[in-house]
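Colleague: for reference, the sequence and a predicted model appear below.
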Amino acid sequence: MPGRVPHNLKTTPFHARTAPLIQGQTWRRWSGYAVASAYDWTHDREYSSIRNAAALFDVSPLHKYRITGRDAARLLDRMVTRNVLKAQVGQVQYTTWCDAQGKVIDDGTISRLKENEFRLSSAEPNFRWLHLNAFGLEVAIEDISDSLGALALQGPLSRTVLNEAADQPVDALKYFRVMDNRIAGVDIQVSRTGYTGDLGYELWIPAAQALEVWDALTAAGRNYGLAPDGIWALDVARIEAGLVMLDVDYHSSHRAMIEPQKSSPFELSLDWTVTFDKGPYNGRKALAAEKARGPLWRFVGVEIDWDSFESLHVAHDLAPALPSVPWRSSIPLYREGRQVGYASSGCWSPLLKKYLALAHLQAPHFATGTQLEIEITVEHQRRRAHARVSRLPFYDPPRKKA
Amino acid sequence: MTRVFDSIVIGGGVDGLVAATVLARSGSTVLLVEAQPELGGTFREIEFATGFRAAPLAPELGHVDPRVLEATGAVLPVAMTPDPVVVSIGQGEPLLLRRSIAATAAGLARHSAKDAAAWPAFSARMHALAGFLAELYRAAPIQLEATGLDDYLLLARLGRKFRGLGRSNMVELLRALPMPLADLLDDSLESEPLKGMLAAIGVADLCQGPASGGTAINFLHRHVGAAPGVFGDRLRLQSGGGALIKALVDRARAAGVTIESGATARKLQVTDDRVTGLQLASGEEIRCRSVISSLDPHASLLELLDPVHLDPEFIARVRNIRYRGVTSIVLLALDGLPAIRGHEAARTGTILIAPSMRYVERAYDASKYGRVSEEPVVELRFPSVLQSNLAPAGRHIATLRVQYTPYRLREGDWDATRDAVAERAIAAVERHVPGFSEHIRHRAVLTPPDLEARFGLREGAVSRGELALDQMLFMRPVAGASRYATPMTGLFLCGAGTHPGHGMTGLSGLHAAHAARPR
């Protein structure tokens, strides 16, 4: 049996298909499940499928909750920073949710499947938090994380592949909308969402019939260069897209040890997810005060200056050494010699031909174009390369929303 | 025309009346609403049989701090000081707790020479320990992180007071607070009747027995404001709690408080994250800048207020408050007074059926398993002996405070159990006061669900939140709302569910008024 998974990890509903594909046994843990970092030995080919063809990700480890009942919309609306009451049936909303101090607990998407039925997907478990928020409301909350598999089909040819595989064409499905569909006789839902910043879809599939759908999709994708993709390729794409990741770029306020480890939506540059045009919700008061005061931090893009980066290596008679996989660590950022922030994710963008990072910068150092220095380790020595603040997303193709 | 007040006080019990009066005296316009037709809250008298009245929840007035009277201008009639305070009847000679330490000790000598000798020192130590609690009750709870000058002054004063306890009492206080009452009593005393009496007094209204950890503090709490050596009774008036209520209502009216009884608060109105009004059950909406609720914390925060305004973590804390009522009251109409085994003077005090500490602990055991005690702890009183207006001429009433009768029964329901409570309580009295039941002409039983329905006590809890170490001081009712202000701007709490808690008559109303006073 190929695919030796660390014995204490759960396997996703697609495991029987993904396990034989993984060449380097690069299993990694995601919410207690084993998922592939890459199916090939490196992620390069997988990354190109995202930007040039179609890529298939197993994103089943997302936490998923089904919320039903008379007050389902009220529950989510009192919990998250966006206006859920306004969502139409078939609409998907990306949102953050905060504690009473306006610090982010988690981020994810809310799909309004029916008037009184929603699905929340999140990075971390939120069952307890949903229940605490549901006090006094008439709702049922069901954790469907294990019973519902999820695939992300992303890339410029994803629509073509999906149209071949699915009973209903998806051409009319707009950005951040969800529809019922059917693949290989399996009733599924397709949302026009994803984590790559490209044209793409996410498919919500009953776990028991997951393999039929996988087989139908991979068969449909054969002529379009569809590749199963791992987390490294996904990470490159999401950094290019400037999408924040929990536990990498920020920490849930429920897990933070100290106040500075918490982030507000403004500090994560997710202002657009915060509305004051609705009733009371967790953190509203604190967020209103922060909005009035202006955030003390911003989440921005940073481009590392190639000439500077190269010259630090040349000094040691080395060719510039780029990270082979995206990194997820805290790297200090300086301005005029003083630390003004830190990068939390970074990678080489094969598409943009740039060394990119996602970073947190203190006021007032986050304006686009601000010249910074980033710490680089060259031949075991800490150096600083020039870098500049860049607008996010780094990459934003029109096809994403078209 | 919408009515407008600076403040609305919910609940016309002692704390609500005090809060309303203090606010009105400081210049605010105040409306007080009381859902019941009469004022008085848990001091209210009810007529349980034609011509027979009783105040089921207020056998005594608790500790009426002089500052409560000073702040309201209320003057109380001269207090009565019946002696003996408590008579414990069990095996052997009845044991009398008297107002004089020497007199109690003299009586104790018949039970235990050692206890008679220990009594003065025990009384002094308990009084010193309760005195430190009294100091903590003088103001809003201390904050662990002092923020202002007032906090530091309070901490400094407490520090001095703590040092003033002396080295051995300092240690004793820290040891006693989380201790089982049984151990505290065993430390000093040996006589079972004495320990049974003090244990019963100390676990009153707790869903715990004397051997449970953290029960010593309830005993000390109930001693605050009492004279050394006096347990289980603090202040009584000729006309009962009614005199206190009447004095407070008069002072409230004189201060300009508008009082409306029969007016039920339904929903707080909130605009821009602050309280802006109150809707009554009648539908009337009254505007105000602040609401001071003397209802229990659950009702105030989660029923009057839409929980959507509160942090879910805070909601969880409020929902986790333990109430767990265990007390039933049996009211009896009597055609005469029974003889009390040669201690007829005891009929002015409390007659306690708690012959030993073990008896009290056994009575508690039943409630652990959701059952009513087979042999309950009973406090028997004849209030009509001193308050003749409670019964027709020549007749009397008896009140029986019965513990343990848990709010949640494991088997059966309360309608099927109500009579058993009365029968077991009366049987327990009859065992020790033969002929008692012959005088009974009528009875009424108030079980925990009855107390909930008639007096608004959640889960029938007389304490309105168990008085345990984790539900006291800066954790009463919950951390984050212990200084009467709540996370909702303009909503303040008072009442027995807040610091300092049940029996500290009017103090929370006074503290809450200070917290709510416009600055």
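Modeller: Structure received. Residues are numbered from 1 along each chain as shown, chains lettered A, B, ... in the order given.

Colleague: give me every residue in chain B lying close to chain A.
Modeller: Neighbours of chain A within chain B, by Cβ under 8 Å from any Cβ of the partner chain: B:270, B:273, B:302, B:306-309, B:311-316, B:319, B:487. Every residue, glycine included, has its C-beta placed from N, CA and C.

Colleague: give me the buried subset of those.
Modeller: Buried subset of the residues of chain B next to chain A (neighbour count, 16 or more other Cβ atoms under 10 Å in any protein chain shown): B:270, B:302, B:306-309, B:311-312, B:314-315, B:487.

Colleague: looking at those, which are in helices?
Modeller: B:312, B:314-315 (DSSP state H).

Colleague: how close does the closest residue to B:Met179 other than its chain neighbours sit to B:Leu206?
Modeller: Nearest non-adjacent residue to B:Met179, counting by Cβ to Cβ, 6 or more residues apart in numbering or on different chains: B:Ala216, 4.3 Å away. According to Cβ to Cβ, to the nearest Å, B:Ala216 and B:Leu206 sit 11 Å apart.

Colleague: domains of chain B?
Modeller: Annotated domains of chain B cover B:4-45+B:65-76+B:240-321+B:466-516, B:83-221, B:324-458 [automatic domain parsing].

Colleague: dump these to a markdown table, plus mean pLDDT.
Modeller: As requested, the domains of chain B are exported to a markdown table (pLDDT from 0 to 100):
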| stretch | mean pLDDT |
| --- | --- |
| domain B:4-45+B:65-76+B:240-321+B:466-516 | 96 |
| domain B:83-221 | 90 |
| domain B:324-458 | 95 |
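
Colleague: of the ones you listed, flag the one that's most buried.
Modeller: domain B:4-45+B:65-76+B:240-321+B:466-516 (a mean of 22; mean count of other Cβ atoms under 10 Å in any protein chain shown).

Colleague: what residues does stretch A:162-178 touch?
Modeller: Residues from elsewhere that reach stretch A:162-178 (Cβ atoms under 8 Å, 6 or more residues apart in numbering or on different chains): A:90-94, A:111, A:113, A:153, A:159, A:179-184, A:189-193, A:201, A:216-217, A:219-221, A:400-401.

Colleague: so which of the residues you listed reach chain B?
Modeller: Answer for the contacts of stretch A:162-178 near chain B: none qualify (Cβ under 8 Å from any Cβ).

Colleague: these in helices, which ones?
Modeller: Using DSSP H, these in helices are A:159, A:216-217, A:219-221.

Colleague: distance check, B:Asp272 against B:His221.
Modeller: Taking Cβ to Cβ, one finds B:Asp272 at 40 Å from B:His221.

Colleague: cool, A:Val248 as well?
Modeller: Taking Cβ to Cβ, one finds A:Val248 at 51 Å from B:His221.

Colleague: now A:Glu117
Modeller: Distance, A:Glu117 to B:His221, using Cβ to Cβ: 51 Å.

Colleague: same check, this time on B:Leu129
Modeller: For B:Leu129 relative to B:His221 (Cβ to Cβ), the value is 10 Å.

Colleague: ok, now which ones touch A:Asp249?
Modeller: Counting by Cβ under 8 Å, 6+ apart, A:Asp249 touches A:268, A:299, A:344-345, A:358, A:360.

Colleague: and the residues you listed as JSON lines, adding distance to chain B, neighbour count and pLDDT?
Modeller: JSON lines is the format used below for the contacts of A:Asp249 (distance: Cβ to the nearest Cβ, whole Å; neighbours: other Cβ atoms under 10 Å in any protein chain shown; pLDDT from 0 to 100):
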{"residue": "A:Leu268", "distance to chain B": "21", "neighbour count": "20", "pLDDT": "98"}
{"residue": "A:Phe299", "distance to chain B": "25", "neighbour count": "24", "pLDDT": "98"}
{"residue": "A:Ser344", "distance to chain B": "27", "neighbour count": "20", "pLDDT": "98"}
{"residue": "A:Ser345", "distance to chain B": "30", "neighbour count": "23", "pLDDT": "98"}
{"residue": "A:Leu358", "distance to chain B": "30", "neighbour count": "25", "pLDDT": "98"}
{"residue": "A:His360", "distance to chain B": "26", "neighbour count": "22", "pLDDT": "98"}
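
Colleague: make JSON lines out of the domains of chain B and add distance to A:Leu392.
Modeller: What follows is these, written out as JSON lines (distance: least, Cβ to Cβ, whole Å):
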{"stretch": "domain B:4-45+B:65-76+B:240-321+B:466-516", "distance to A:Leu392": "31"}
{"stretch": "domain B:83-221", "distance to A:Leu392": "39"}
{"stretch": "domain B:324-458", "distance to A:Leu392": "52"}
